[in-house]
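# Curious how this folds, go ahead:
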Amino acid sequence: MTLAEWCVLGALLLYLVTIGSIKWIRFRGFDNSRPRDPAFYQDAIAQRALGAHQNGIETFPFFAFAVLLAEFRDSPQRLIDELAVLFLIVRIAYVLTYLGDRPTLRSILWSIGFAINLVIFFMPMLKRLLPA
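Numbers count the residues shown, from 1 in each chain. Alright, predicted model coming up:
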């Protein structure tokens, strides 16, 4: 497996850990028979963790598809790996700013992550311009 493919797994685990950690920390208040009970997510940190989790679910498919497309179209693997690692770092920072209630910085990080995804996605089209 390539480093970028491991980053795809990391992105998946990140959004699972984001919500899983809140459920684990507050395990006495979490009812697994009602995992989507709005009452569990009433406090601010739980709401932000749920928001970060949902955003992770939303961003994951595009990231995974972009990585696989770039790899299948023979784009420079080193660049794909570097961008995937950068994306994962940005996503970790995004989650931390979401949990820390820093909305402006969070939006900036989301935009950076989206831009990284776009570069990975369009890499096959631009590979003639990239170093080998």
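
# for this protein, what spans make up the strands?
Taking DSSP state E to define them, one finds no strands in the chain.

# Output the below-cut-off pLDDT ranges for it.
Applying pLDDT under 70 to the chain flags the ranges 27, 130-132.

# can you pull the buried residues of stretch 33-46?
When burial is assessed from 16 or more other Cβ atoms under 10 Å, stretch 33-46 yields the following buried residues: F40, Y41, A46. The C-beta positions use only the backbone N, C-alpha and C, and glycine is treated the same way.

# Quick check: chain neighbours aside, which residue is closest to the last one?
Looking back up the chat, that one is A46. Spatial nearest neighbour of A46, excluding adjacent residues (Cβ to Cβ, 6 or more residues apart in numbering): I22 at 5.4 Å.

# didn't the one you found look like it was pressed against I45?
Yes. Judged on Cβ atoms under 8 Å, I22 makes contact with I45 at a distance of 7.0 Å.

# helices or strands up against the longest helix seen in the chain?
Counting residues, the longest helix in the chain under DSSP state H turns out to be helix 44-72. In terms of contacts (3 or more Cβ pairs under 8 Å, 6 or more residues apart in numbering; DSSP states H and E), helix 44-72 is packed against helix 3-25, helix 77-99, helix 103-126.

# name the helices or strands packed onto the first one?
With contacts defined as 3+ Cβ pairs under 8 Å, 6+ apart, helix 3-25 has these neighbours: helix 44-72, helix 77-99.

# so of these, which one's packed in deepest?
Ranked by mean neighbour count under mean count of other Cβ atoms under 10 Å, the helices and strands packed on helix 3-25 are led by helix 77-99, which reaches a mean of 19.
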